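Chemist: need coordinates for the below:
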Amino acid sequence: MSTGFGTTHVIVSGPEAAPPLVLLHGAAATAVMWAPVIEALSADHRCHCVDTITEANKSVASRRARGVPDLTTWLTEVFAGLGIDSAMVAGLSYGGWLAANLAVREPKLIERMVLVCPAATLAPLPAEFYMRMFTSGLLRSPVRARRFVRWMSSTPEVMSHPTAELIVSNLLSARILRPEVTLPTVLTDDELRRIGAPTTVVIGDQEVIYRTGPRSALDRAEALIPDLRTVSIPGANHMLTVDAPSRLAAELRTALA
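Modeler: Next up is the predicted model:
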């Protein structure tokens, strides 16, 4: 579909009459990241898996999105293009950060929300995250890219999973410091308090992307987001669609029921 920032690609799945669900993927990836859970979600929802306009995927930007206000405008236009007045929204990693910002700035669009290991949002990202990501991309190093992916997963055979190869391919092909990408930030206490939609936060108990650890991120969410449920998935790291796809699908369906 056309938006003021370019053409946005959306993969749609599920019964046409089912409640709409908008899914926002993580950084260095595409909407295909949702493949391990999409069959389960499509049983009860009309799923719209959006290719983020700033990532290397099938969306094609014609105008630079400058920060959160532009990204919010872009998502608002995507909703309008899909004919959706309001929907359930789930975002993973960077997509979780996008969803949280949308909930703060355009609350009428979101009926329920699930933040799956949202990047920053609740707690700062560690320096190690940026070091691993940037060196993988800047050096175009397949070895470093695979180490980065393994660092984010608790699955020993993660590199045999299509999602892992998708991330590695993206890191090695896209410009890592391209100006259209807005790095995720921690939302303020006031912003988190303004999230009015019923919200579920899902984080693995082995998550590595929070400087102060996964429990601190959940604690901050519990202290500030008014209508909140939190889930800690045992044995799972950041790549939840790989580390715990069945559990994640079940938690998403529960949260969105």
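Chemist: where does pLDDT dip in the stretch 151-257 of the chain?
Modeler: The stretch 151-257 of the chain contains residues with pLDDT under 70 at 176-177.
Chemist: how does it look with 80?
Modeler: Within the stretch 151-257 of the chain, the ranges that satisfy pLDDT under 80 run 174-180.
Chemist: please enumerate the strands of it.
Modeler: Applying DSSP state E, counting those that start in this stretch to the stretch 151-257 of the chain gives strands spanning 199-204, 228-233.
Chemist: ok, the last one: who's next to it in the sheet?
Modeler: Spelled out, that is strand 228-233. strand 199-204 (parallel) (DSSP bridges).
Chemist: how about the helices of the stretch 1-150 of the chain, start to end?
Modeler: 35-42, 67-82, 94-105, 127-138, 142-151 (DSSP state H, counting those that start in this stretch).
Chemist: which elements pack onto the longest one?
Modeler: Under the contact definition 3 or more C-beta pairs under 8 Å, 6 or more residues apart in numbering; DSSP states H and E, helix 67-82 sits against strand 2-3, strand 20-24, strand 46-50, helix 94-105. No exception for glycine: its C-beta is placed from N, CA and C like everyone else's.
Chemist: again with the fourth one
Modeler: Counting by 3+ C-beta pairs under 8 Å, 6+ apart, the packing neighbours recorded for helix 127-138 are helix 142-151, helix 162-173.
Chemist: chain center to it, what's the gap?
Modeler: 19 Å (C-alpha atoms, centre = their mean, to the nearest Å).
Chemist: what sits closest to Arg229 if chain neighbours are left out?
Modeler: Distances taken as C-beta to C-beta, 6 or more residues apart in numbering place Thr200 nearest to Arg229, at 4.6 Å, with adjacent residues excluded.
Chemist: now do the contacts for the one you found.
Modeler: Shown in contact with Thr200 (C-beta atoms under 8 Å, 6 or more residues apart in numbering): 112-115, 228-231, 251, 254-255.
Chemist: now with 10 Å?
Modeler: Shown in contact with Thr200 (C-beta atoms under 10 Å, 6 or more residues apart in numbering): 90, 112-116, 221, 225, 227-231, 251-252, 254-256.
Chemist: which residues does it bridge with?
Modeler: Val114, Arg229.
Chemist: buried ones among the contacts of Thr200?
Modeler: Those of the contacts of Thr200 that meet the buried threshold are 90, 112-116, 221, 225, 228-231, 251-252, 255-256, by 16 or more other C-beta atoms under 10 Å.
Chemist: hang on, Leu71 packs against Ala100?
Modeler: No: applying C-beta atoms under 10 Å as the test, Leu71 and Ala100 come out as separate, 11.5 Å apart.
Chemist: how close does Ser169 sit to Thr8?
Modeler: To Thr8, Ser169 is 21 Å away according to C-beta to C-beta, to the nearest Å.
Chemist: so for the two, which sits in the more crowded spot?
Modeler: Thr8 (23 against 16; other C-beta atoms under 10 Å).
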